[in-house]
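[1] Pasting the sequence and the predicted model now:
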Amino acid sequence: MINKKQFIIAKKKIHSSDYIYVELKNNYILSYHKDLNIYINKQYEIILLGIAWQVKEKKEDPVSEIEKLAEKYEGYIPEEEILRMEESWCGRYVLIVNEKIYLDATGLLGIFYSREGISSSCMMLAEIMGLPQIIYRPTFGFNWLPGPLTQYEQIKRLLPSQIYNYNDQTINSRQLLATHIPRYKDEQERIEAFSELFSNSLHNLQDMFPEKKILIALTGGYDSRTLLALAEYAGIDFDCYTLDHKKISDGDVEIPQKLCKALKKKYTYIPRKKKYSKELEKEYIMHTGGLADDEDKRFYAYGQYRDLVQKYGNIVLLRSSVWETVINYYQKFLDDKGKLDIESIYSFFVANELVQKSLKSYFEWLEKTKQVGISDCDRFFWEQRNASWLSPIEQSFDIMEDITSLQPVNSRFLISMLADFPIQERRVKKHQDKLIAYVCPELDGIEYAKKKHGINKMIFNRVGKLVVRIRIMGISKTIKTYIKLMQEERNLKKLKSK
């Protein structure tokens, strides 16, 4: 099960009966798992690994676009042509052209690199380098390891704003947002255009999995409801599900049922009936290197994903974490000049030494490479919350039999369209309310979940973080941090009330 659907490019093979080998240029060997989706052109110059589909209606599927581009240029393909082609794709994939690595929109198919090569698995790359097995253990306040560093000094994580050449080991920057977005005359035209593009994208996705059942992960919040509404508008065939967990709110249990009843969709709630499996937990951690610790690990260890498979058979899960990329989620860490305050991030997340070192490296990259049309706090979410936290969680699905997990808004084109909505709307998700109202008015009037967890648990967590922050920062700086956070919460409430 470990290393399923992974790959590595190095000058040595990964020896496994489940792996296939392809000789590339400059004595490199591509080793990939037999179940990994892969396309290689005849000249071995272009490789597409993972799952990619087209968003735009009048453009061809990714493989057809690759073949046309390779035929047109017969050798070196200009980078601007590659970027223009790929910006309207969606999915979880890696594109390799002439030994250069291009990540999917938010880096959900993560890439790790060293002088020895590249891999979708940090643990596989360490193994081929002869390094000892090191599992990362997230800290109390920071449940993932931010990039670009890893638990290995010799291995780094590639960021979505980076293009890496594994042969000469150089890194260049790329723009995160798509550069060929039309200008819409007003917000309504943007809403209509986004809805049609998303509808076309979902149909292309569905065509890739004709024998699999599509399931939407549903909560009582905005993001999964937006996906639900757009899927209903598209008219694709799907059901919905919710997985029980320790911190689940009443709203996240009750509201999904109301949403599905309004749309007459089948709904499944998977409780935690089975015992927690330490063996499955270990398998999960070994596969991901421990780089993110979230509820999905427990869903897997409790056998809840296996319960979904037993009910539906071969399934595609559509999930919604990427929607928050444009909402200025990390606004609370901006200083008076609109720049991210790294000390505030250290203290808020109670960062350990490795986290601080990695964030320092990231901030140096951020200062060196400016982005157009995206704030620093949205960029931080894009490259850290998505590419460093969500990426290993999505990687964990690779070890699960008969399950494919996808984030159907993971497209530069779609994210860029969302980023064009006014910032005041994005911060409180009013742009998503407008999308839902346009594509699925049947959901109008159904409330959203209010996150209410046990008071004892909440006090324990907050007091625990407070104590650690005081120890690290001192009383004075801790008080200033909390005042700033409370002011940010008040500002958000004001925006929501408008």
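    Now that the structure is in, tell me what you want to look at. All values reported here derive from a predicted model rather than from experimental measurement.
[2] make it CA atoms for all contacts and neighbour counts henceforth
    Noted.
[3] ok, and the closest non-adjacent residue to Trp205?
    Wrong residue type there; residue 205 is Leu, not Trp. Distance criterion C-alpha to C-alpha, 6 or more residues apart in numbering; nearest residue to Leu205, sequence neighbours excluded, is Trp53 at 6.3 Å.
[4] typed the wrong thing, it's Lys265
    Computed as C-alpha to C-alpha, 6+ apart, the closest residue to Lys265 that is not its neighbour in sequence is Asp239, at 6.0 Å.
[5] which strand residues sit across from that neighbour in the sheet?
    Counting by DSSP bridges, Asp239 forms beta bridges with Leu215.
[6] what about it, how many neighbours?
    By other C-alpha atoms under 10 Å, 20 other residues sit near Asp239.
[7] buried ones in the helix or strand hosting Trp365?
    Per DSSP states H and E: Trp365 is located in helix 353-368. Buried residues in helix 353-368, counted by 16 or more other C-alpha atoms under 10 Å: Val355, Gln356, Ser358, Leu359, Lys360, Tyr362, Trp365.
[8] cool, stretch 52-71 as well?
    Ala52, Trp53, Gln54, Val55, Lys56, Asp61, Pro62, Val63, Glu65, Ile66, Leu69, Ala70.
[9] what's near enough to touch the closest residue to Arg427 other than its chain neighbours?
    Closest residue to Arg427 apart from its sequence neighbours, by C-alpha to C-alpha, 6+ apart: Ile327 at 4.5 Å. Contacts were defined as C-alpha atoms under 8 Å, 6 or more residues apart in numbering; by that measure Ile327 touches Asp378, Ile423, Arg426, Arg427, Val428, Lys429.
[10] how close does Ile327 get to Leu131?
    Applying C-alpha to C-alpha, to the nearest Å, the value for Ile327 to Leu131 is 40 Å.
[11] The strand or helix carrying Glu394 - contacts with which helices or strands?
    Secondary structure assignment for Glu394, by DSSP H and E: helix 391-396. Packing partners of helix 391-396 (3 or more C-alpha pairs under 8 Å, 6 or more residues apart in numbering; DSSP states H and E): helix 278-288.
[12] Now do the helix it packs on, average pLDDT.
    Averaging pLDDT along helix 278-288 yields 96.
[13] buried ones in the following helix or strand past it?
    From helix 278-288 onward toward the C-terminus, using DSSP H and E, the following helix or strand is helix 295-301. For helix 295-301, the neighbour count (16+ other C-alpha under 10 Å) marks Asp296, Lys297, Arg298, Phe299, Tyr300, Ala301 as buried.
[14] Kindly report the same for stretch 278-287.
    For stretch 278-287, by 16+ other C-alpha under 10 Å, it's Leu280, Glu281, Glu283, Tyr284, Ile285, Met286, His287.
[15] got it, and stretch 411-430?
    Applying 16+ other C-alpha under 10 Å to stretch 411-430 flags 411-421, 423-430 as buried.
[16] likewise stretch 146-166?
    146-152, 155-166.
[17] hang on, the earlier thing: let me know the secondary structure of the residue nearest to Leu205.
    strand (DSSP: H, G, I helix; E, B strand; the rest coil).
[18] Identify the residues contacting it.
    Each residue near Trp53 by C-alpha under 8 Å, 6+ apart is listed here: Asp61, Pro62, Trp89, Cys90, Gly91, Ser201, Asn204, Leu205.
[19] run the last query once more with 6 Å
    Residues in contact with Trp53 (C-alpha atoms under 6 Å, 6 or more residues apart in numbering) are Asp61, Trp89, Cys90.
[20] For this protein, name the helix or strand with the lowest mean pLDDT.
    When the helices and strands of the chain are scored by mean pLDDT, DSSP states H and E, helix 455-473 comes last with a mean of 52.
[21] related to what we said a few turns ago, now the helix holding Glu394 - C-alpha only, CSV.
    Extracted in CSV, the C-alpha atoms of helix 391-396 (Å, rounded to 0.1, in the frame of the first residue of the first chain):
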residue,chain,number,x,y,z
SER,A,391,-1.1,18.4,-0.5
PRO,A,392,-0.1,15.6,1.9
ILE,A,393,-3.7,15.1,2.8
GLU,A,394,-4.7,14.7,-0.8
GLN,A,395,-1.6,12.4,-1.2
SER,A,396,-3.0,10.1,1.5
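[22] quick revisit: cross the buried residues of stretch 146-166 against strands and list the overlap.
    Applying DSSP state E to these, the entries found in strands are Lys156, Arg157, Gln162, Ile163, Tyr164, Asn165.
[23] partners of the first one in the sheet?
    Counting by DSSP bridges, Lys156 is bridged to Tyr113, Leu149.
[24] Hmm, Gly147 and it touching each other?
    No. Contact status for Lys156 versus Gly147: not in contact, 7.5 Å apart, counting by C-alpha atoms under 6 Å.
[25] which SSE is Arg379 in?
    helix 376-380.
[26] Need the contact partners of the helix holding Glu394.
    By C-alpha under 6 Å, 6+ apart, helix 391-396 touches Leu108, Gly110, Thr288.
[27] The same query, at a cut-off of 7 Å, please.
    Under the contact criterion C-alpha atoms under 7 Å, 6 or more residues apart in numbering, helix 391-396 has outside partners Gly107, Leu108, Leu109, Gly110, Tyr284, His287, Thr288, Leu291, Ala292, Asp296, Ser405.
[28] Which one of those residues is nearest to Asp252?
    Ranked by distance to Asp252 (C-alpha to C-alpha), the contacts of helix 391-396 are led by Asp296 at 16.0 Å.
[29] all strands for the stretch 51-200 of the chain, in order.
    89-97, 100-103, 112-114, 117-119, 156-157, 162-165, 170-173 (DSSP state E, counting those that start in this stretch).
[30] swap in the stretch 201-350 of the chain?
    213-217, 239-243, 267-270, 315-318.
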